Every structure is written in structure tokens, then in C-alpha cells.
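Chemist: using only what follows, build the 3D model:
(one chain, ligands or ions: 3)
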Amino acid sequence: MLKLNPSSCVRYYSKLSECNKCEAICPVEAVETKEAGIAIYQDKCVECGGCVGVCPTEALELSDFNVTNFFFEFLNQDEQVISCKTNFVCLAALGTEYMIALGIVKDIVLDIGHCPTCELKEKCFPAIEDMLNEANYVLQTIGGKEIKAESLVKTKETEPNRREFFNLFSLKKVAQAKSEFESKLEALDNPEIALDAAGAKAIKEKSIPNKRKLLFTLLKKMGKPDEYKILENRYLSFTSDKTVDETCDNCSICYRICPTEALSTTRKMDAILFDPLLCVRCHLCHDVCEKKSIQLAETFDTKEFFEPSQKILAKFNVVRCIDCGNFFTYTGGEQVCPRCKIEEEEAKTLWGIE
Ligand code: SF4
Ligand code: SF4
Ligand code: SF4
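Modeler: Numbering: from 1, shown residues only. Ligands and ions are numbered 1, 2, ... in the order given. Take a look at the predicted model:
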């Protein structure tokens with residue numbers, strides 16, 4: 001069963017979010033974006049995990065396969081091959097960040113022998129190739145191990161059945177399977193997932209996805225390279241560098257809404273600060289910015305992977321309003337905040353004063 005944590009999905013943060021990565025990769029149309037949130041059609045879902053691999057905020061999870069747990073188990077094994085026929089779901093579920101993380105610590109081979117004939121190939125195979133190319137692009141510039149993709153197709157007789165492999169675990173969990181079955185029945189009747197009060201509270205508590213924490217740790221362990229290189233932002237999907245142009249009026253929505261606190265501000269709210277390595281490229285800040293003042297930078301310095309910094313994207317002159325005393329971003333003229341100006345205009349209209 002596919003589970004969604006709405007408090008991690010950016011579509012529940014704002015109706016303006018255009019994130020549809022899960023919907024775009026799903027080979028069986030089991031995920032549909034809605035005006036505010038998403039719907040999951042459990043009866044269509046084949047549990048390939050493609051959507052899990054592309055979700056920037058780790059909002060999706062398969063109930064019988066956890067990619068983070070797989071990562072740790074696989075690290076402790078001599079096995080180098082990751083295959084949808086033996087030890088993994090669809091390779092697309094790995095996602096770029098886990099691929100990079102594995103490429104930092106281990107020689108790995110992705111078994112793509114089954115992809116060309118797989119029923120899910122139309123959506124999932126190009127996604128796997130993109131993830132692999134991106135991961136190798138990053139690994140090559142930071143000195144990691146290249147991830148190989150090979151065709152290791154085995155004959156049907158010798159091939160272990162992936163379902164049986166997972167059943168070894170799920171047989172131990174009969175009670176859990178029963179409760180999952182009941183949840184699945186309930187989810188079939190209610191495909192559109194709502195945000196409850198606890199979820200709304202959780203949205204306010206910003207968090208960094210596990211896959212990003214893991215990448216931090218492994219990069220730290222790796223040690224700094226002799227020289228830093230420049231990556232092209234357009235080839236990256238999992239992080240970004242940004243700029244803010246002069247049209248920004250410090251409305252504050254981007255740094256208030258950013259789910260990972262990659263965007264933040266000072267106590268006086270007189271600057272927009274940005275930590276590139278905290279950015280999961282969910283695009284929410286771009287989507288909510290009314291003036292479209294946030295842009296992707298053209299490049300990403302690999303120095304950010306090893307010596308993360310906080311950049312100042314914009315600085316503002318924040319002063320006290322002479323009427324109400326509240327702080328506001330001053331851009332010239334009378335030192336009165338926009339709210340007091342509107343109130344003054346409304347009062348004038350009411351009393352017929354020019
Ligand atoms: S944040 Fe994840 S679950 Fe939400 S719309 Fe984007 S990809 Fe889908
Ligand atoms: S797990 Fe696969 S089939 Fe199910 S919703 Fe996600 S992408 Fe679609
Ligand atoms: S900076 Fe923007 S794209 Fe990056 S995590 Fe925050 S909201 Fe998402």
C-alpha cells in the first residue's frame with residue numbers, strides 16, 4: 001500500500017504549489033493531483049515506488065518496503081547489485097539522492113536488464129536513466145564511485161520471485177498485514193487525502209527529509225576534495241542554488257513557507273537567507289512568489305556539499321511605521337507601512353476627503 005504523509009507534501013502547504021512529480025512518474029495513473037493535495041487510487045497502484053523516488057520531501061512511502069531501511073541493510077552486505085527481481089522494488093524508487101549516497105560509500109550496479117520489457121517501462125525506465133545520469137554527474141565531480149547499470153537478466157527458473165522475497169518479511173507480520181488490508185479498504189473509499197489538525201501543526205515544524213540528512217552525513221565522512229567544481233543547475237533535480245531579483249518586496253511568504261528552512265530570514269526580517277544544501281528543489285518558493293522574484297541560479301558550487309554556507313539573497317531596509325509602530329520594508333516616501341496606507345485611503349474614501 002502507498003501511504004502519504006500530507007504534512008510533508010508541498011501541495012498541502014499552498015494551493016499555489018505546482019508539484020506533480022508523483023503524478024508525472026506514476027505508470028498506472030494511481031496518483032492524481034488535486035486543487036489542494038493529492039488523491040491515491042490504491043486499487044490501481046502497483047507499488048512500484050516510482051513516486052516515492054521522485055518526491056522531494058519524502059511525503060510518500062510504501063507500507064511493505066522502506067528505502068531508508070534498505071539503504072542501511074544493503075550497506076552492511078557484500079552484495080553490490082540492486083535489482084527489482086531480487087532485493088528492490090522498481091529502481092526508480094531509489095531516487096537520485098540515495099543513488100548518490102550509495103555511490104559515495106560503495107561500488108554498486110543497477111540491474112536494468114528487466115527494464116526494457118517491463119510493463120512500467122514507459123514512465124519508470126526514463127526516470128531511472130535520468131536519476132542515474134544525474135547521480136553519476138554529481139559523483140564524478142565530487143570524487144565518488146561511478147554507479148554502473150548492467151543487464152543481468154536471469155532465466156525465469158533461476159530468478160527469485162520478488163514477491164516471495166518480500167513475503168519472507170511480511171509473513172512475520174500477519175497482524176500488520178491485516179491492519180494494512182483494512183486501511184487499504186478505507187483508502188479505496190477515500191482516495192483524496194485530507195490534512196488533519198495534527199498535520200496542519202506538523203507543517204509549521206520544518207524538517208529535512210531523511211535522505212538529505214543521510215547525504216549530509218556521508219559527504220562529511222567523505223572529506224573535502226582537493227578542488228571544488230561547478231555543476232550546472234539545469235542538470236540537478238534534488239537541490240538548487242537561487243537568486244532573488246529587485247522586484248522582491250519582502251512579502252515574506254517564501255521564507256515562511258519553505259518546508260526545510262533552506263530559505264529563512266533574520267530576527268528583524270530584513271534579509272532573505274538561503275542554505276543551498278537544505279533546498280530539496282520542491283519549487284514551492286517559486287510557485288508562491290507573486291512577483292516571480294526567485295530564480296534558479298545557473299550553477300551550483302560543489303563547495304556547498306562540503307562546506308555548506310548561508311547566502312544573503314536580498315537585503316531590505318526595515319523601519320518602524322510612524323503610525324502603528326510595526327516594522328515594514330521601506331522603499332521610499334512617507335514612513336508609513338502598506339497596511340496603514342490602505343486604512344488611510346479607506347478612511348478618506350469613507351469621509352469623501354480628496
Ligand atoms: S511533494 Fe511529493 S507527494 Fe506532494 S505532490 Fe510533490 S511529489 Fe507528490
Ligand atoms: S507506487 Fe507506483 S503505481 Fe503506485 S502510485 Fe506510486 S508510481 Fe503509481
Ligand atoms: S528553497 Fe524553495 S525549492 Fe528549496 S526547499 Fe525551500 S521552498 Fe523548496
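Chemist: residues in the stretch 1-150 of the chain within reach of ligand 1, list them.
Modeler: 9-11, 19-22, 38, 55-57, 59-60 (C-beta under 6 Å from any ligand atom). In this view, the C-beta of every residue, glycine as well, is placed from N, C-alpha and C.
Chemist: which among these count as buried?
Modeler: Buried members of these, counted by 16 or more other C-beta atoms under 10 Å: 9-11, 19, 21-22, 38, 55-57, 59-60.
Chemist: need the residues of the stretch 1-150 of the chain next to ligand 1 in CSV (columns: pLDDT and secondary structure).
Modeler: Output for those, formatted as CSV (pLDDT from 0 to 100; DSSP: H, G, I helix; E, B strand; the rest coil):
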residue, pLDDT, secondary structure
9, 96, coil
10, 96, helix
11, 97, helix
19, 97, coil
20, 97, coil
21, 98, helix
22, 98, helix
38, 95, strand
55, 98, coil
56, 98, coil
57, 97, coil
59, 97, coil
60, 97, strand
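Chemist: can you put these in TSV and add distance to residue 98?
Modeler: As requested, these are exported to TSV (distance: C-beta to C-beta, whole Å):
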residue	distance to residue 98
9	19
10	20
11	23
19	19
20	22
21	16
22	17
38	22
55	12
56	13
57	15
59	16
60	14
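Chemist: look up the pLDDT of residue 158 for me, please.
Modeler: Residue 158 carries a pLDDT score of 45 in this model.
Chemist: count the residues that sit near the nearest residue to residue 22 once chain neighbours are set aside.
Modeler: In space, and not counting its chain neighbours, residue 22 is closest to residue 51: 3.7 Å by C-beta to C-beta, 6 or more residues apart in numbering. For residue 51, the neighbour count with other C-beta atoms under 10 Å is 27.
Chemist: next: residue 12.
Modeler: Residue 12: 23 neighbours (other C-beta under 10 Å).
Chemist: hmm, it is touching residue 33, no?
Modeler: No: using C-beta atoms under 8 Å as the test, residue 12 is too far from residue 33 to be in contact (11.3 Å).
Chemist: measure stretch 113-122 end to end?
Modeler: This stretch, stretch 113-122, spans 15 Å end to end (C-alpha to C-alpha, to the nearest Å).
Chemist: kindly apply the preceding question to stretch 22-39 instead.
Modeler: Start-to-end, stretch 22-39 (C-alpha to C-alpha) is 11 Å.
Chemist: residues making contact with it?
Modeler: 2, 4, 6, 9, 11-12, 15, 19-20, 40-42, 44-46, 48, 50-51, 53-55, 60, 92, 119-120, 122-124, 127, 191-195 (C-beta atoms under 8 Å, 6 or more residues apart in numbering).
Chemist: flag the shaky bits of the chain, pLDDT-wise.
Modeler: 153-182, 184-185, 188, 354 (pLDDT under 70).
Chemist: give the contact list for the residue nearest the centre of it.
Modeler: For the chain, residue 56 is the residue whose C-alpha lies nearest the centre (C-alpha atoms, centre = their mean; 1.2 Å). When contacts are counted by C-beta under 8 Å, 6+ apart, residue 56 touches 10, 19, 21, 209, 238, 280-282.
Chemist: same thing but 7 Å
Modeler: 21, 280-282 (C-beta atoms under 7 Å, 6 or more residues apart in numbering).
Chemist: residues near the nearest residue to residue 298 once chain neighbours are set aside, how many?
Modeler: Counting by C-beta to C-beta, 6+ apart, the nearest residue to residue 298 once its immediate chain neighbours are dropped is residue 233, at 5.8 Å. As a burial measure, residue 233 scores 17 neighbours (other C-beta under 10 Å).
Chemist: before we move on, back to that, quick check: the farthest pair among the buried ones among the residues of the stretch 1-150 of the chain next to ligand 1?
Modeler: Spatial extent of these (C-beta to C-beta) is set by the pair 38 and 56 at 13.7 Å.
Chemist: tell me the spacing between residue 134 and residue 281.
Modeler: Per C-beta to C-beta, to the nearest Å, residue 134 is found 11 Å from residue 281.
Chemist: what residues do these two have in common as contacts?
Modeler: In contact with both residue 134 and residue 281: residue 237, using C-beta under 7 Å, 6+ apart.
Chemist: which one of those two has more residues nearby?
Modeler: Per other C-beta under 10 Å, whichever of residue 134 and residue 281 has more neighbours is residue 134, with 20 against 17.
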